[in-house]
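Asker: How does the following fold in three dimensions:
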Amino acid sequence: MGKKLISLDLDGTILIEQHKIEEKLIFLLKRFTDKGDIILFNTGRTYAYSKFVFKPLDFPFYGSFSNGVALAGFPGEDIIYEVSMPEGLIKEICELFLKHRIDPVFQGGLHNNDKTFNEVLKFPNRELLEIFSVDGDRRIQVESLSEFDSKDFVSVFGCSDNPEEAVQLAGELNGIKGLYSVAFVHSYNENSYWITAGSQSINKGVPVKKLAEKNNVKREDIYVFGNDLNDIPMLAEAGHPVTIEDSPKELKEISESIVSGPDKHGILNYLEQISRQV
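Answerer: Numbering: from 1, shown residues only. Next up, the predicted model:
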């Protein structure tokens, strides 16, 4: 068996609390890196909202954020790539979000300290306000987003308690040339739907592919773990795609294995078996 690449979604896949990976899994992942294997945390979260998860980690790893729009190596925060949104789409994107009564929040990316930009909220959402409260110094409220161009940002996101509106919005965003959008339920609140959109050339599969190529990892040595629709592109890159037992059927249909959720240590137990293989 050659060098392994292990790509892990966070929410609903390995987190036992909102920002916490269980200690036994952290210890096991460190053992993999000690052997030369590669760990990638591949999340829909921004870096600002991921750093609370990363704080206890004492081994080298990669982080991919906002569904693949940026990839960096840690602990040095070395940016490997970051992809801006297609140019000239601010007005069209804002109009679609507000049509569905969802406030758009534009994400600046790692190069500008991961700051978020939004106008005065027209449809305040409790989950979105909670995210803002976690790291308020990164939030910038502007009078009008029209002073920016979409190429100034890496992604746009929003939150809704109306799944129909969220899914419809994601579909309409996908109708814009150059955009890739997905709507998915939040793992800790089944009434909270998140919508993200970025460059059409980017998704969670891109950082998996790039790291595999960079480190000469064969497909059969790629292990990917995810639980929601935004994880499908990275599962498609793996020789061993693994999903969680309460995942949507679309993930179960393309997964090699289905394991229990983080509260029952499903990923930990799976990786322990892999670690014992010679």
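Asker: Check what pLDDT Phe245 gets.
Answerer: Careful, residue 245 is Glu; it's not Phe. With respect to pLDDT, Glu245 scores 95.
Asker: surely it meets Gly261?
Answerer: Yes. Glu245 lies in contact with Gly261 (CB atoms under 8 Å); the separation is 6.6 Å. The C-beta positions use only the backbone N, C-alpha and C, and glycine is treated the same way.
Asker: So the two - more neighbours on which side?
Answerer: Under the criterion of other CB atoms under 10 Å, the comparison of Glu245 against Gly261 puts Gly261 first, with 18 against 12.
Asker: Across the sheet, point out what pairs with the nearest residue to the more buried one once chain neighbours are set aside.
Answerer: Nearest residue to Gly261, sequence neighbours excluded (CB to CB, 6 or more residues apart in numbering): Ile244, at 5.2 Å. In this structure, Ile244 bridges to Val259 when assessed by DSSP bridges.
Asker: Looks like Ile244 contacts Gly12 (just checking).
Answerer: Yes. With contact defined as CB under 8 Å, Ile244 reaches Gly12; the gap is 6.6 Å.
Asker: Mind checking which of those two has more residues around it?
Answerer: Ile244 (26 against 20).
Asker: Contacts only, for the more buried one.
Answerer: Residues in contact with Ile244, defined by CB atoms under 8 Å, 6 or more residues apart in numbering, are Gly12, Thr13, Gly226, Asn227, Ile258, Val259, Ser260, Gly261, Gly266.
Asker: ok, Leu145 to Asp114 distance?
Answerer: 17 Å (CB to CB, to the nearest Å).
Asker: Next: Glu22.
Answerer: Computed as CB to CB, the Glu22 to Asp114 distance reads 26 Å.
Asker: Mind checking which of the two has more residues around it?
Answerer: Ranked by neighbour count (other CB under 10 Å), Glu22 and Asp114 place Asp114 first, with 21 against 17.
Asker: so the more buried one makes contact with Ile79?
Answerer: No. At 11.3 Å, Asp114 and Ile79 do not qualify as touching, with contact defined as CB under 8 Å.
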